[in-house]
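>>> heads up, no residue letters with this:
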């Protein structure tokens, strides 16, 4: 009976153990459960087999306790095994959950990392670019809006960082803008004063032109004023404004080049050679003068003081090439690259305060800025003199026919036509060509013989001059001698003999109005 | 001509880009004491060359018959000192020639004036 029980129990254990795979069948696949089930069954089965063997071997008297103990032990072991199996199952569940959570967290982490990288590489640069183009921080933030799938908190923090950075940059930009505006503003005021002073100096130069000492002092003052003006122009240009004054009319290139020479310290060292006879349109005049003066300043500053700087301008296919050559030490390749880099340096934000420090950098930065805005092409080469040869090419759209053909002198237009009949010039000519002989032939009374020839020639010329220049008519007429000297002589005689002038008015030269007669 | 002249003049008065010291290379008077004054007459000896400064060329063009320095200064709208400096260079290079201001012979002498007076009294 007992062995039968033991056998039953022993046989029943595998059943209970066999249930586990059936339960597990509902669990997700991939667990290690089924493989471990037999391990947990093994002690119970072994114990059941041992109990059965012990029951069979023990005498019948001792069989009952053996069966009891064996069954108890088997049951205990089976229960323990079952519990272990259950816990193992729970553990599996948990591990799966953790694995899932871990993968989710890793995913988040990867996303966050990707977002951060994107912020650094895309979002921020785009935002900065938009900010520099003048958008407000709020708009930029809206434009570079960024849908994050990570979490609302992360997105909020992300936006906060972005906003903070943008606002900081914007504040910085504002500060720089206002500094730049202040610079330009001051430069404009200096320019206005310098311009005024230059005009006044020119007037003073005209006024004191006959006194070489005062005139020399005025020229020196004028020169220094021009230097101040160039500095103010440079600051205005670097601040993103236009240089100095605007020219309304076309200026011949020759005068433009001399204008550039006017603004450097060592203008006496510049030799102006052949200059193409073209005119520069008004809008291009000031930038060209300024760019050339900066280049000339560099050329004279960085070459020995006893050497000359040669300045020429020739027409080429693509405009006009203005060349300047100095006899300095020349440029090494590295220095040339540096100069060209300084020239090409593009800071769209305007004034770079670093540029204001050193002279060559300031000049080149100004030239670069002017070249970009006006399409000048500037290149540095080494010169045959050993120094530097700078070529500046003025684009054809800035060039026109020279307003004064054949002459590069702006005021050549106001030169008088050389041979205007009549007027003071003719008198001068008469004086010079026909000097009155020291001893005139005398007549019988001891009076000099009058020469009729000049009288016959001059009067018609005078009248012609009256007609051609009305402004001079008053003086010419009042000073004009009568066509027939004899009539005047008659009037004179009347005056001498005491006869009233009103009663017998002297005959007037033909063509004079009554008004003019009254004045006479 | 009388209309266009003041206009052009005004344009120049607005100021060309160059300043006067460039015209004279900074000199305010001729280097050596040249006997030039306001009434010295200047006359051209040679045609202007192409390498010449335009102001000098202009002076040579208008001085093909004698002009006083004051007149030249007025015509080219440049101060007398500038004209003097430019002329000194021209005189030195032989392109122009200076003449004595007024021929002394043209001034009537005392004898002549007395003769005129006597003639008038005799009338």
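Arrived safely. All values derive from a computational prediction rather than experimental measurement.
>>> residue ranges for the strands of chain B, please.
Per DSSP state E, chain B carries strands over the ranges B:41-44, B:67-68, B:96-99.
>>> Residue A:289 reaches residue A:264, doesn't it?
No. Contact status for residue A:289 versus residue A:264: not in contact, 11.0 Å apart, counting by C-beta atoms under 8 Å. (Glycine included, C-beta is placed from N, CA and C.)
>>> between the two, which one's more packed in?
Taking neighbours as other C-beta atoms under 10 Å in any protein chain shown, residue A:289 and residue A:264 compare with residue A:289 leading, 30 against 26.
>>> Now do the SS call for that one.
helix (DSSP: H, G, I helix; E, B strand; the rest coil).
>>> Check the gap between it and residue A:262 for me.
In this structure, residue A:289 and residue A:262 are 8 Å apart, going by C-beta to C-beta, to the nearest Å.
>>> where do the contact lists of the two overlap?
Both residue A:289 and residue A:262 are contacted by residue B:17, under the criterion C-beta atoms under 8 Å, 6 or more residues apart in numbering or on different chains.
>>> what's around residue A:137, how many residues?
Residue A:137 has 21 nearby residues by other C-beta under 10 Å.
>>> show me the contacts for it.
Neighbour list for residue A:137: A:131, A:163, A:166, A:167, A:169, A:170 [criterion: C-beta under 8 Å, 6+ apart].
>>> Can you tell me which of the strands of chain B is packed in deepest?
Mean neighbours per residue, mean count of other C-beta atoms under 10 Å in any protein chain shown, is largest over those for strand B:67-68, with a mean of 22.
>>> ok so, going back, greatest separation within the contacts of residue A:137: which pair is it?
A:131 and A:163 (12.0 Å; C-beta to C-beta).
>>> what about the nearest residue to residue A:47 once chain neighbours are set aside, helix or strand, and which?
The spatial neighbour of residue A:47 that comes closest, neighbours along the chain excluded (C-beta to C-beta, 6 or more residues apart in numbering or on different chains), is residue A:74 at 4.7 Å. Applying DSSP states H and E as the criterion places residue A:74 in helix A:60-118.
>>> next helix or strand past that helix?
In N-to-C order, the element after helix A:60-118 by DSSP H and E is helix A:124-132.
>>> What is the neighbour count of residue B:47?
11.
>>> Leaving out chain neighbours, which residue sits closest to it?
Among residues not flanking residue B:47 along the chain, residue B:60 sits closest, at 7.0 Å (C-beta to C-beta, 6+ apart).
>>> Around chain B, which positions in the stretch 151-300 of chain A sit nearby?
Listed as neighbours of chain B in the stretch 151-300 of chain A under the rule C-beta under 8 Å from any C-beta of the partner chain: A:198-199, A:202, A:205-206, A:208-213, A:215-217, A:219-220, A:222-223, A:226, A:247, A:249, A:251, A:254-256, A:258-262, A:267-268, A:273-274, A:285, A:289.
>>> Among the residues you listed, name the buried ones.
Taking 16 or more other C-beta atoms under 10 Å in any protein chain shown as the criterion, what is buried in these is A:198, A:202, A:205-206, A:208-212, A:215-216, A:219, A:222-223, A:226, A:247, A:251, A:254-256, A:258-262, A:267-268, A:285, A:289.
>>> Report pLDDT for residue 21.
Since no chain was named, I'll use chain A. As predicted, residue A:21 sits at a pLDDT of 44.
>>> That was the other one, I meant chain B.
90.
>>> Roughly how far does it sit from chain A?
For residue B:21, the distance to chain A (C-beta to the nearest C-beta, to the nearest Å) stands at 4 Å.
>>> CSV please, covering the strands of chain B and showing distance to residue A:99 and mean pLDDT.
Formatted as CSV, the strands of chain B follow (distance: least, C-beta to C-beta, whole Å; pLDDT from 0 to 100):
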stretch, distance to residue A:99, mean pLDDT
strand B:41-44, 109, 87
strand B:67-68, 110, 86
strand B:96-99, 108, 84
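>>> mean confidence for the helix holding residue A:74?
Helix A:60-118 shows a mean pLDDT of 89.
>>> hmm, back to that, what's the distance between the residue nearest to residue B:47 and residue B:82?
From residue B:60 across to residue B:82, the span is 15 Å (C-beta to C-beta).
>>> Endpoints of stretch A:381-400, how far apart?
Stretch A:381-400 stretches 28 Å from its first residue to its last (C-alpha to C-alpha, to the nearest Å).
>>> So for it, what gets flagged as buried?
By neighbour count with 16+ other C-beta under 10 Å, stretch A:381-400 contains the buried residues A:383, A:385, A:387, A:388, A:389, A:390, A:391, A:392, A:393, A:394, A:398, A:399.
>>> In the stretch 251-400 of chain A, where is pLDDT below threshold?
Scanning the stretch 251-400 of chain A with the threshold set as pLDDT under 70 gives A:345-360.
>>> show me where it has strands.
Listed in chain order, the strands of the stretch 251-400 of chain A (DSSP state E, counting those that start in this stretch) span A:251-252, A:270-275, A:278-280, A:309-316, A:319-325, A:377-382, A:388-394, A:399-401.
>>> what's the nearest residue to whatever residue of the stretch 101-250 of chain A ends up closest to chain B if we skip its chain neighbours?
The minimum distance from the stretch 101-250 of chain A to chain B, using C-beta to the nearest C-beta, falls at residue A:209 (2.3 Å). Spatial nearest neighbour of residue A:209, chain neighbours left out: residue B:79 (2.3 Å); criterion: C-beta to C-beta, 6+ apart.
>>> where's the one you found relative to residue A:305, distance?
29 Å.
>>> Compare the two (neighbour count), which wins?
Per other C-beta under 10 Å, whichever of residue B:79 and residue A:305 has more neighbours is residue B:79, with 26 against 8.
>>> show me what contacts that one?
Per C-beta under 8 Å, 6+ apart, neighbours of residue B:79: A:205, A:206, A:208, A:209, A:210, A:215, B:20, B:73.
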